[in-house]
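S.K.: Just the structure for this:
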Amino acid sequence: MKDMNKVKPVKIKRVTFRRPSSAAAARAFARLVDVMATLRSPNGCPWDREQTNATLRPFLLEETYEALDALDRGDLDALKGELGDVLFQCVFQSQMATEAGRFDIVDVIHAVTAKLVRRHPHVFTAAGRPLSAAQRRAARAKTSTAVLEQWEQVKAREQAAAGEKRRLLSGVPRALPALLRAHEIGTRVAAVGFDWTRPDEVMDKIDEEVRELREALAEHPARAAEELGDLLFSIANLARHLGVEPESALREANDKFTDRFDRLEAHFEGGGRAVHGATAGELNEAWENVKVETSRGRKVEKQQPHSLTSRPPDLSTFRLADSPSSTSRPSTSQSAPSARPSSRRSRRRDRSERPSSRGR
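M.R.: Modelled structure (predicted):
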């Protein structure tokens, strides 16, 4: 925004803090709201007028994943556009709610602003004003962990005051990707102290689940599926303890495997052959060569910090129970209980093009 450069930067722990111009943001947002209302008007766009809350659902999901993709790539230029697309979807949904007489974008903004003020009593007064220096020193939430615990406590009080009988995990959307949902479940129960204390304790649990999965393989497919789910749940909680977002870690693993297999195919094509005609031994040999080649490149890459996201830590130092160098693990009765956790992309066309039958 044009007014940003007039604000003197304030240095906070080696991060340059800049406060954008509220007036400029308000004007830009008002323009977006007005454009959306025009698109839905009788003189607007037929495609926009035909949409419903339900028909827009896949686009909200798609735009969210495209924003995540820009984050994973560390592409700030792309992120600017993708965040705009997500914001547009929020305004679009709000415009339709306005037409239905349910709520408008102002209600949406007031709701989230009021919630942020209530959930941050270590930053704001009840009236929404920033705390004084003395009030900040007296605030109890001094760490990120304490802030998360306070957030859940304030949320629980709000629900109780509203007469809602909601359980701690009832607000975790079932529509979340399964790994992300497991991560969020662990985060929420950890806020009340239901958690492992160290990553190695979660590794013990993973060892236990691997043993149980091996036993289940010889019994019944249904039990094997159940044990596999328990294993994945424990792995998601290990990711949380390591400060790794499991969906991002798995996306990166998918990308790494895809890149390596592309190189494997190129290796055979270079010899005038297709992978379909290669023997298992030839495939394994080529795969090992590709792994060595790409591992050298990754070692150099890992020395360079990422602008937005960091790569998951190398888990090769962790060994499962069946590894020859593993130490003995506690019995099942000594392990943490099973329920105890811790805390695509379709290529989008240019937005300047007219919407296809698929939508925007």
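
S.K.: For Ala70, give me its contacts.
M.R.: Shown in contact with Ala70 (Cβ atoms under 8 Å, 6 or more residues apart in numbering): 76, 78-79, 82. Just so you know, the C-beta spots here come from the backbone N, C-alpha and C atoms, and that holds for glycine as well.

S.K.: cool, and Ala191?
M.R.: 148-149, 151-153, 343.

S.K.: do you know how far the closest residue to Pro42 other than its chain neighbours is from Arg102?
M.R.: Nearest residue to Pro42 in three dimensions, chain neighbours excluded: Arg49, at 7.9 Å (Cβ to Cβ, 6 or more residues apart in numbering). According to Cβ to Cβ, to the nearest Å, Arg49 and Arg102 sit 18 Å apart.

S.K.: Kindly provide the distance from the residue in the chain sticking out farthest from the centre to Glu293.
M.R.: For the chain, the largest distance from the centre (Cα atoms, centre = their mean) belongs to Gly272, which lies 42.2 Å off. Using Cβ to Cβ, Gly272 is found at 21 Å from Glu293.

S.K.: Point to the helix or strand of this protein where mean pLDDT is at its lowest.
M.R.: In the chain, no helix or strand scores lower on mean pLDDT, DSSP states H and E than strand 10-12, which sits at a mean of 42.

S.K.: Need the CA coordinates for stretch 27-40. PDB is fine.
M.R.: Only the C-alpha atoms of stretch 27-40 are listed here, as PDB (Å, rounded to 0.1, in the frame of the first residue of the first chain):
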ATOM      1  CA  ARG A  27     -10.600   1.600   0.800                       C
ATOM      2  CA  ALA A  28      -9.200  -1.500  -1.000                       C
ATOM      3  CA  PHE A  29     -11.500  -3.900   0.800                       C
ATOM      4  CA  ALA A  30     -14.500  -1.700   0.200                       C
ATOM      5  CA  ARG A  31     -13.700  -1.800  -3.500                       C
ATOM      6  CA  LEU A  32     -13.600  -5.600  -3.500                       C
ATOM      7  CA  VAL A  33     -16.900  -5.800  -1.700                       C
ATOM      8  CA  ASP A  34     -18.400  -3.400  -4.200                       C
ATOM      9  CA  VAL A  35     -17.100  -5.300  -7.200                       C
ATOM     10  CA  MET A  36     -18.500  -8.600  -5.700                       C
ATOM     11  CA  ALA A  37     -21.900  -7.000  -5.200                       C
ATOM     12  CA  THR A  38     -21.900  -5.700  -8.800                       C
ATOM     13  CA  LEU A  39     -21.000  -9.200 -10.100                       C
ATOM     14  CA  ARG A  40     -24.000 -10.600  -8.300                       C
END
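
S.K.: Helices of this structure, residue ranges please.
M.R.: Assigned by DSSP state H, the helices in the chain fall at 22-40, 46-50, 57-73, 76-99, 105-119, 133-138, 144-161, 178-190, 199-217, 221-241, 246-270, 280-302.

S.K.: Quick check, Trp287 in contact with Leu264.
M.R.: Yes - between Trp287 and Leu264 there is a contact under Cβ atoms under 8 Å: 5.9 Å.

S.K.: re earlier: in PyMOL, select just the buried ones from the contacts of Ala191.
M.R.: Here is the PyMOL selection string for the buried members of these, based on 16 or more other Cβ atoms under 10 Å:
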select buried, resi 148+149+151+152+343
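
S.K.: wait, which of the contacts of Ala191 is closest to Glu219?
M.R.: When these are compared for distance to Glu219 (Cβ to Cβ), Ser343 wins out at 32.4 Å.

S.K.: roughly how far apart are the residue farthest from the centre of the chain and Ala100?
M.R.: Gly272 is 63 Å from Ala100, by Cβ to Cβ.
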